[in-house]
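Q: build me a structure from this.
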Amino acid sequence: MRFASVRVITSDVARLAEFYERATGIEARWLAEQFAELPGESCTLAIGSAQTMALFSAGAAVPESNRTVILEFLVEDVDREYDRLTGLAPEIVQKPTTMPWGNRSLLFRDPDGNLVNFFAPATDEARARFAR
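A: You can find the predicted model right below:
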């Protein structure tokens, strides 16, 4: 089994795709008007319209209501990303902070209120975990 993607359901695919293009530098691939993907090195961020849930015959995903999942991106320099994202991200939740497990972390919200973590290993032990 291979973990392939995370999908965010939104009421405005274009707005969210543009935000993530600017935040990550990854260009979105548009597979349909209501569905875009940002293909990362290890996982794809998929962005789907709330309309796509009808194709599954389910209304289980509700846009702009997530308060449990964090979308995490490994970056080179958290502090540089903080400077770049200030003004782009609607809300900075936590300025760059070194966490007890050795990662330097920046938490912010995307335009739908989803929590995003840009992080980088900051200790030798944390770097060793990501060297695998």
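
Q: domains in the protein, by residue range?
A: 1-63, 66-132 (automatic domain parsing).

Q: show me what counts as buried in stretch 89-108.
A: The neighbour-count check on stretch 89-108 (16 or more other C-beta atoms under 10 Å) flags A89, P96, G102, N103, R104, S105, L106, L107, F108 as buried. Where you see a C-beta, it was placed from the backbone N, CA and C, and this is true even at glycine.

Q: worst average pLDDT in the domains of the chain?
A: Taking each of these in turn, the lowest mean pLDDT turns up on domain 1-63, with a mean of 91.

Q: what about stretch 89-103, start to end distance?
A: 21 Å (C-alpha to C-alpha, to the nearest Å).

Q: and the furthest pair within the buried residues of stretch 89-108?
A: Longest distance between any two of the buried residues of stretch 89-108 is 23.9 Å, between A89 and G102; criterion C-beta to C-beta.

Q: could you count how many residues lie near D110?
A: Each residue near D110 was counted by other C-beta atoms under 10 Å, and the total is 23.

Q: quick one: contacts for it?
A: Under the criterion of C-beta atoms under 8 Å, 6 or more residues apart in numbering, the neighbours of D110 are L16, F19, Y20, A23, L71, A89, P90, V116.
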